[in-house]
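Trainee: Just to be clear, the model below is a prediction. Sequence and coordinates:
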Amino acid sequence: MNMEGVKSLMEEVHWGSLASTDGKTVGVRPMGSWAWIGGELWCATSTSSEKAAQIRMVPHAEYCFGRPDGEHVRISGPCVVSTDSLDRITLYDAVPGLKRLISGPGDPDFAIIRMKPDRIRYRGTSGHGYKEIQFDRHCPV
């Protein structure tokens, strides 16, 4: 498995789960409005969501994208919650499904979780542990 395989698996299953914490409680929730932008994994959220609040408190999270047979990738790293206008336009244009979920890039409740991955792991169906996926952390993935 390499980064192209990771992206292919993510596109195939489309929905991933995002795990975040505030240091006391953990939340795991499905996330589908995501895109790779440069070397980061961006995902739409609400500015007032619990996940945005948790990431503001503990700016690190993990995504998991998996198939029903157990094959999956885990992507973790530091995160920020952005409400930058250019970021909103960029993700809104990159994820066509956002058009049915929010009124537009200017929606005041539209925020973006920007993750700069520091670790990507893959596990196949063989059950033989994780394989670290090599990627250049300084270049687009």
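Mentor: Arrived safely.
Trainee: The host helix or strand of residue 41 - contacts with which helices or strands?
Mentor: Using DSSP states H and E, residue 41 falls within strand 40-46. The helices and strands touching strand 40-46, judged by 3 or more C-beta pairs under 8 Å, 6 or more residues apart in numbering; DSSP states H and E, are strand 34-37, helix 50-57, helix 85-94, strand 110-115. From N, CA and C alone the C-beta is placed, and that goes for glycine too.
Trainee: Looking at these, spot the one closest to residue 76.
Mentor: Among the helices and strands packed on strand 40-46, the nearest to residue 76 by C-beta to C-beta is strand 110-115 (8.0 Å).
Trainee: Mind giving me the packing neighbours of that closest one?
Mentor: If you count contacts as 3+ C-beta pairs under 8 Å, 6+ apart, strand 110-115 packs onto strand 40-46, helix 50-57, strand 60-66, strand 72-82, helix 85-94.
Trainee: Try it again at 7 Å.
Mentor: On a contact count with 3 or more C-beta pairs under 7 Å, 6 or more residues apart in numbering; DSSP states H and E, strand 110-115 meets strand 40-46, strand 72-82, helix 85-94.
Trainee: for the shortest one, the distance to its chain's centre please.
Mentor: The chain centroid and the centroid of strand 40-46 are separated by 6 Å under C-alpha atoms, centre = their mean, to the nearest Å.
Trainee: Among the helices and strands packed on strand 40-46, show me which one is buried the most.
Mentor: Of all the helices and strands packed on strand 40-46, strand 110-115 has the most neighbours on average by mean count of other C-beta atoms under 10 Å, namely a mean of 24.
Trainee: re earlier: paired strands for the strand holding residue 41, with orientation please.
Mentor: Note on strand 40-46: by DSSP bridges, its sheet partners are strand 34-37 (antiparallel), strand 110-115 (antiparallel).
Trainee: what's the straight distance from one end of stretch 87-101 to the other?
Mentor: Using C-alpha to C-alpha, to the nearest Å, one end of stretch 87-101 lies 17 Å from the other.
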